[in-house]
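*Asks:* Below are the sequence and a predicted model for it; my questions follow.
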Amino acid sequence: VVMAFKKVNSRRHIGLQQLSSLASIGRTLLGPTKSCKFIIDESTHESVLTCSVVRLLENLDASSAVGQLLHETIQAQHKEYKTGMTTLLFLLGAWSNAVLDCLQQNIPLSVIVSVMSEGLDSCIAKVQCLQISIHNLYQRPDSVRIEGNDKTSIDSEHSLSELVGNEMPESHLITSSYSKKMRLTHSRHFNTLGKSHCLPNQPNLFQGHFTGPATDSYECSNLGQLAMSLSHGNRSSMKLVQDIIRCQQQSADKVSDSHTGYIQFNISEVVTCCLSGLSDSYSCACQGYVTLISPEKAAVTKQLQDKPLQIILVDGDLTERYRHLGFNRSSNVRMVSEGVSIPENSSISWINCMLDILIQSKVNLILVRGNVCENVMEKCILNKMLIINPVTPNVLQAFGEVTGAEPVTYLTQMNEHCVGNGAFVNLWRTGELTTVEVGNEVPISIKAPGIPLVTAVLSSTIAAKMQAVEDQFWTCAYRLHHALSDQAVFLGGGAVELLCLSHLQKLEKQSLKSLGEFHNASPWLAGSLARYEPTVLKALASGWAQYLSTVMCNTANCASAFEASTSIQHHLNRAAVCYSSLAYILKEFSKGDQDIAGTDHVSKPGEVLKTYDNVTAKVEAWRRALDLVLLVLQTDAEIITDPKRKQLLNSQESSEFMFL
Amino acid sequence: MSRIEVKKPSLCTNEPFSTESVSRSLSVLSEIVKSCYGRSGRLKQLHNGMGGYVCTTSQSCVLLGGLSVTHPVLKLLTASVQNHKSRFSDCGLFTAILCCSLVENFRRLNLVSCTVIKISKHLLSLCTDYLKSEACGCRISVDFNSTKTLLCLVRSILTSKPACMLNKKEADYISTLILKAFLLTIPHNVETNVALGKCIIVPVKDKRVADSNLFPGLLIEIPEFEFPKFPVKRVSSSTIKMALFCISMSGDFLGAREGTVMVKHGVSLDSAILDQLLNLSKQMVNDGVGLVVCQKVIHPALKQYLKEQRVITVDRVGIAMMEPLSQMTGSQPIASLHSLSSSCYGSLKDLRTETFASKEFLHLIPHDTLVCSLILCNRNETAWGELKLACETAEHVLLLTVKQPLALLGGGCTETHLASYIRHKSFDMCSSTFKDLCCSPAEYQIVSDAFCCSVESVACCLEHDGGEILIDRHYGHFWSVESGFPSDSDWSNLVLKCGCGICNNQQNLNWCVLQRQCGRFAPKSCYNETCVNSKDDLVLDCFTAKYNGLQVAVETANLILEVSCIIEDQN
């Protein structure tokens, strides 16, 4: 085995160039108005329609080391937050270019690394004051409290109008708490203030669905506003998310028999069912589990309708050869038979055995996590038993909780504890009580009293759009989920980015002392820093400036990048002459119509809808983007551990490799 | 018919260094390790070139583990460094760079290699004697009454690995956690047999570093939906009985590894084993066991039975958890399904469930907490891996420091100081020494210069941004300034502080450019208690690891120089 070694660093850093060109593909996906992309496979002429970064990267072949790292970073953000991937990709590109510019100007690499990461830290600390606690959104619709310090005492609250009017000292605002992980249900505000401020006759979205006093439902109407403010243009998806929360609330109320009034959005108890080819109007939230099954099973469903059913849950495959994870089949065991016996077909006897167990335990509904043997499936249909597979673990869990069924891995484990009661199956019907058919399949719904599981039924007339509709639904659901778990949202529509720009402008004029001790560079660099710092901070700022101007162009709010940047500069200049740039931004953005990102808000007349962003997801997307850029920047060589020597020698780049 | 193949003759290479390929490979290796050194070191991407996992690193163990070197001379070098690294965890790059530099510098000398080797051995003994002596000016003793020095030591290790992607605040936070974890593993009552506990690193990737945390006791991640929903069975209010299994309880047939087992038709081997497992479980239930932990897999039917009996089961904990589990609870790992002695059981003080970073954990709390769990978070896979290695190194260094409570000045100061000392010392060597070494004073001087240059070149590798390296003629510390100034500049306006952070530009220290008309001088010790204790951002290195690294580097270089012939078996 030979080791190849390839130097990548030079004035034109190849890794950063790769990163920048890979990131450029996502430019048009930024902002609420996205342009979809077709990805065409030239060999099969198959094409995919996509408008999300994750799907785009899934379909691209980026096998270079940098491509691999990029893919990993986007996946990590996706796994954790389900939102912010487009921002991440865009900033990756913008910052890569900015760093390349710095290198061109002979700025030492360690200075770029230190100033950029300290600069980002400083910006992140600064923008915390644009956090809006969601308690305040519940309390008074017109006022927005600015995050104070850790003790969210009622006295220290300031409504937005107070703040702008009185010109609060800025230092007071910066001392914000960053990661408050208080649960909504423990909030004092929620209990006391929410009720004291309520207006019983306030019209609200969910009226009539609550058994509790009207005071509690007041809070939910503001949840509706919060949700819409987080929808970023996907109003229909967000409406669906709200319906889901309402469904969860209803079943929670039924179980506890007393309405608590707290919003609990349990995203792990949401599943989707895609009805491709049906009109968008079929989209809705449904209590229980909705899934598509074959017409044969649908026939069984018809016979089982409206009767309480015995249910079992199988956490594995329902096949003869299946064994649980970690079971090693021994290969050296041989069956021997004594005397003359008729060779019995073991697989037929296994099927019969399974069927016996099912019949004896009088179950009609079997949810299986994995595969099911075809023959067992057929026999079950004949015996009026409905097998649904594959189902996800959270579905098994939900049915286990409400029916009392204990999941089993093998049917041979069955005993009286494993069978649950009270599940109902129905053909899924739309409002007009007609059943539908999707392709060759029929949707059915499985319910049990008090089940917390809610299915988002999604439909789209255009089959190619189905995936995108599902992605958009999850993005909206996770945005609201994160807002509730962060307990706060950012004032959106570009406010956060604009504050970063104005903050960096100020930092450029100050010395580095404000950024703290130099951390990972030679001591001499700290001395010569004053010369380089403004350039590097400008480079950092250029990322957000490009971000804002691209969003403005994509939403057709601005005709050209030039117009966009003029508008941003205009705001920055006005913020700079203002007593506090924070107060300026708050004032401008609280008008609602002044979104510089120009988010499309087709709201009712007189209703002003603000745009909000997620706090942690946004800040983490910035961090991950800069982390990757700096990681690639600091890399000066690639080491290929197991190369095909000949392949490398024959490649065009062979001169760049060194062999050990 | 058997085929007979004629054996190939062995390949013999005389004077291995005369071939160009070896020196080229050596210089590539040397370039790789030099460019990685220090807190602003450049990173390397390791991958298989076919779309596999990309690891970004600057640590010697990952680099050398990933490199597949073919030449025997290079293999010798990397094996020595890896061996040092496995014993001391730290100073791997230092060892590798010094060794490469020594080989390169000595080979240029045009002296007989045995003379070079003898002299360099003598120089090494001068170094080690000095480092061990009380008079040594580049070491400080570690004060265990305060955490300052220990924190500096840990922080220096973390910040020297830039691929961890830590900012200053994060580095401080993780340093504190590591030190806390280490202190938790030290027993309160010191008896004759002191056994340290263990710190288990629990991986939580894709989270912020600031989310990392430390828990006394053991945290075991539980898969989603397997969270126990009933209270644990207790023997008394503060005792939970537990059983620990190190064999698979998955119900597979373990009997014969070789040969064939005949099973009569109608007999099910699987259910026979399951029956045996169930009998075992019945005994445990009767004995009042509340928790069953298995290194491998537990059969689902067994889990179901134990759950019905209100016994909590945890399986697939892995081999790494076994030793701390057994140490912490006093359980004897059970390796048989046949017999179960009640002396095998261990006990816990409490068992809780924790949800952390959207993962669910069982928290095992022992009676005395010598075992702790460090939940380590970092944003991405490669940075997490790098941070984990750095934490393990730091933990090992703390242990070495307890054994030998000394630390060396970091940031290049030890190297420049030591080189100045050797230059000074070797200048007035008495003639009997030359006789003993069978060399002329001139030869001794040449080798000594090459030796000192090599040591200094390690310090020079800390500078990656084109700065100029200075040394002061007073303490012999390492300083850096921006390049491009004439050598007679007034350096005191340009320098800020020395590499280790003890000295600053306030003292007029008589700076000069390293390796350029600095003359010989006896470097003084700048160490005094107040000076060290007043600074909390010193850069320090582990004494034991660096001391050994120095020896390994010189001895390996000598060995490489001695190689005159390589015999390779080509079959």
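*Replies:* That came through fine.
*Asks:* What count of nearby residues applies to B:Cys526?
*Replies:* 24 (other Cβ atoms under 10 Å in any protein chain shown). Where C-beta positions appear, they are placed from N, C-alpha and C, glycine not excepted.
*Asks:* Need the contact partners of stretch B:180-197.
*Replies:* Stretch B:180-197 is contacted by residues B:198-199, B:214, B:216, B:324, B:327-328, B:368-372, B:374, B:395, B:398-399 when judged by Cβ atoms under 8 Å, 6 or more residues apart in numbering or on different chains.
*Asks:* Show me what A:Ile312 bridges to in the sheet.
*Replies:* Here A:Ile312 shows beta-bridge partners A:Ile366, assigned using DSSP bridges.
*Asks:* That one reaches A:Val368, doesn't it?
*Replies:* No. The pair A:Ile312 / A:Val368 is not scored as a contact, 9.3 Å apart, by Cβ atoms under 8 Å.
*Asks:* Which positions in stretch A:412-430 come out as buried?
*Replies:* A:413-414, A:418-420, A:422-428, A:430 (16 or more other Cβ atoms under 10 Å in any protein chain shown).
*Asks:* near chain B, which of the residues you listed show up?
*Replies:* By Cβ under 8 Å from any Cβ of the partner chain, the members of the buried residues of stretch A:412-430 lying near chain B are A:Gln413, A:Cys418.
*Asks:* how about the buried residues of stretch A:412-430 in CSV, adding secondary structure and pLDDT?
*Replies:* Below are these laid out as CSV (DSSP: H, G, I helix; E, B strand; the rest coil; pLDDT from 0 to 100):
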residue, secondary structure, pLDDT
A:Gln413, helix, 90
A:Met414, coil, 90
A:Cys418, helix, 92
A:Val419, coil, 94
A:Gly420, strand, 94
A:Gly422, strand, 92
A:Ala423, strand, 95
A:Phe424, strand, 95
A:Val425, strand, 95
A:Asn426, strand, 91
A:Leu427, strand, 90
A:Trp428, coil, 88
A:Thr430, coil, 69
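*Asks:* If we only consider the buried residues of stretch A:412-430, which is nearest to A:Asn59?
*Replies:* Nearest to A:Asn59 out of those is A:Trp428 (Cβ to Cβ; 31.8 Å).
*Asks:* where does the stretch 401-550 of chain A dip in pLDDT?
*Replies:* For the stretch 401-550 of chain A, the stretches with pLDDT under 70 are A:430-435, A:511-523, A:527.
*Asks:* wait, chain B
*Replies:* Along chain B, segments meeting pLDDT under 70 span B:1-2, B:192, B:254-259, B:266, B:527-534.
*Asks:* Going along the chain, name the strands of the stretch 251-400 of chain B.
*Replies:* B:261-264, B:291-294, B:312-314, B:346-348, B:350-356, B:359-365, B:371-378 (DSSP state E, counting those that start in this stretch).
*Asks:* what lines up beside the second one in the sheet?
*Replies:* Looking at strand B:291-294 with DSSP bridges, its paired strands and their directions are strand B:240-245 (parallel), strand B:312-314 (parallel).
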